[in-house]
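In: This is the structure alone, sequence omitted:
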């Protein structure tokens, strides 16, 4: 139920903020449209833990700033590699073992890996991540690297 | 306060443009598709993020800020998915090309479904 | 001044990426370059909006970000599968013991 309410709130804020009209007529039309859209979506049965992960919302607020900082650091690292007069790269595919239990957790971990430049997820089989690294020396391939631990904590007990 | 916002905006946009240019140089300079993807990811995350964040400081907080944040969010959500799709297509293509084990010793199995 | 400088840098970056799209040894290099070019176009539209003093342009860049993403995915799907439609129906009909599962609407 909280997922359906969450979807409605997200759609309605999009409607209100993107239209920029706040007169009662428009707000009523928006409420009707959002209700119809949410009804159809709920009837399709696709409002689940994967499409509306509202249970992660609180912990995500702690994770996202850390991720942004991590992205900044690896950006600087890759920029230094690119701008160096002599290209010193050692591209290689490494394998990670991820400790997330749910598909959603793995999805978040894989996307976090891809978002930080210098590493990029190319495939997932079970809990085995295939990651292409620009320079193997920059990668902590052990299971308890910090990102893996943080995503597992973000995923929580619900798994 | 206004002065401070202006300085922050200048700094963010300047650094963002620097990352955009570096990413473009990387796309030209790096040797193969995968390494170029790292450079492309740089423009998608930091370049776009910093420039748009810098634009946020140029206006009064309001609907324009909301739109800028939405553009950043869309870019940050779609960029890894597009990059992953590209990586998967390249690996799929290499597998089709008959090299049962690629140059780095990987052997088939490009499925991304967990 | 700030916007002019940023726009100029952005245009240089776009030219570099376009070089890669024209040079690119494989088709994937070109797709990568075009996807990146699209991201930069999103930024260019936003910057031009501020340059012209019309931040309404941001709606366009929002839509362009989505279209760019969908276009890239579509091209890659075409490369990978050789077609864009849904999975074609398997020619032999479903065996009867599995056919009893619900098909179609709920």
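Out: Received the coordinates, thanks. Keep in mind that this is a model prediction, so the values were computed, not measured.

In: need the contact list for residue A:130.
Out: A:93-95, A:121-124, B:106 (Cβ atoms under 8 Å, 6 or more residues apart in numbering or on different chains). C-beta coordinates here come from the backbone N, C-alpha and C atoms, glycine included.

In: measure the nearest residue to residue C:12 once chain neighbours are set aside to residue C:83 for me?
Out: Distances taken as Cβ to Cβ, 6 or more residues apart in numbering or on different chains place residue B:21 nearest to residue C:12, at 6.5 Å, with adjacent residues excluded. Residue B:21 is 38 Å from residue C:83, where distance means Cβ to Cβ, to the nearest Å.

In: hang on, the earlier thing: pick out the lowest-pLDDT one from the contacts of residue A:130.
Out: Within these, residue B:106 has the lowest pLDDT, namely 41.

In: Can you give me the neighbour number for the residue nearest to residue C:12?
Out: Using other Cβ atoms under 10 Å in any protein chain shown, residue B:21 has 19 other residues around it.

In: ok, now which ones touch it?
Out: Contacts for residue B:21 (Cβ under 8 Å, 6+ apart) come out as C:9, C:12-13, C:16.

In: quick one: average pLDDT of stretch A:30-50?
Out: 88.

In: any residue of it up close to chain B?
Out: No - applying Cβ under 8 Å from any Cβ of the partner chain, one finds stretch A:30-50 separated from chain B by no less than 11.7 Å.

In: ok so, going back, tabulate the contacts of residue A:130 (CSV), appending distance to residue A:155 and secondary structure.
Out: Output for these, formatted as CSV (distance: Cβ to Cβ, whole Å; DSSP: H, G, I helix; E, B strand; the rest coil):
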residue, distance to residue A:155, secondary structure
A:93, 25, strand
A:94, 22, strand
A:95, 21, strand
A:121, 17, strand
A:122, 22, strand
A:123, 20, strand
A:124, 15, strand
B:106, 28, coil
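
In: thinking again about what came up before, closest one to residue A:3 out of the contacts of residue B:21, please.
Out: Checking these against residue A:3 with Cβ to Cβ, the nearest one is residue C:13 at 40.6 Å.

In: Need phi/psi at the closest one.
Out: Note on residue C:13: backbone dihedrals following degrees, to the nearest 10 are phi -60, psi -40.

In: so what's it up against?
Out: Residue C:13 makes contact with B:17, B:20-21, B:23-24, B:43, C:40, according to Cβ under 8 Å, 6+ apart.

In: Narrow these to those in helices?
Out: B:17, B:20-21, B:23-24, C:40 (DSSP state H).

In: which of these tops the neighbour count?
Out: residue B:23 (33 neighbours).

In: My read is that it contacts residue B:42, right?
Out: Yes - Residue B:23 lies in contact with residue B:42 (Cβ atoms under 8 Å); the separation is 4.1 Å.

In: Determine how far stretch B:19-32 lies from the middle of the whole chain.
Out: Relative to the chain's own centre, stretch B:19-32 is displaced by 12 Å; criterion: Cα atoms, centre = their mean, to the nearest Å.

In: Now it: buried residues?
Out: Residues B:19-30 are the ones in stretch B:19-32 that count as buried (16 or more other Cβ atoms under 10 Å in any protein chain shown).

In: can you redo these as TSV with distance to residue C:34 and pLDDT?
Out: Listed next are the buried residues of stretch B:19-32 as TSV, based on distance: Cβ to Cβ, whole Å; pLDDT from 0 to 100:
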residue	distance to residue C:34	pLDDT
B:19	20	92
B:20	16	92
B:21	19	92
B:22	19	91
B:23	15	91
B:24	13	91
B:25	18	91
B:26	16	90
B:27	11	90
B:28	14	89
B:29	18	87
B:30	17	86
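
In: Dump these to TSV, plus distance to residue A:100.
Out: Compiled in TSV, the buried residues of stretch B:19-32 are given as follows (distance: Cβ to Cβ, whole Å):
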residue	distance to residue A:100
B:19	30
B:20	33
B:21	36
B:22	32
B:23	30
B:24	35
B:25	36
B:26	31
B:27	32
B:28	37
B:29	35
B:30	31
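
In: secondary structure class for the nearest residue to residue B:33 once chain neighbours are set aside?
Out: Setting aside the residues directly before and after it, residue B:33 is nearest to residue C:28 in space (Cβ to Cβ, 6+ apart), at 5.0 Å. Following DSSP: H, G, I helix; E, B strand; the rest coil, the label given to residue C:28 is helix.

In: Which of the contacts of residue B:21 are buried, as a ChimeraX select command?
Out: Only the buried members of these end up in this ChimeraX selection, burial being decided by 16+ other Cβ under 10 Å:
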select /C:9,13,16
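
In: Looking at chain B, which helix is longest?
Out: Longest helix in chain B, counting by DSSP H: helix B:63-96.

In: Mean confidence (pLDDT) on that one, please.
Out: Across helix B:63-96, the average pLDDT comes to 87.

In: Quick one: name the residues of chain B near chain A.
Out: Residues of chain B lying near chain A (Cβ under 8 Å from any Cβ): B:18-19, B:22-23, B:25-26, B:29-32, B:34-35, B:37-39, B:41-42, B:45-46, B:63, B:66-67, B:70, B:76, B:79-81, B:83-84, B:87-88, B:91, B:104, B:106, B:109-114.
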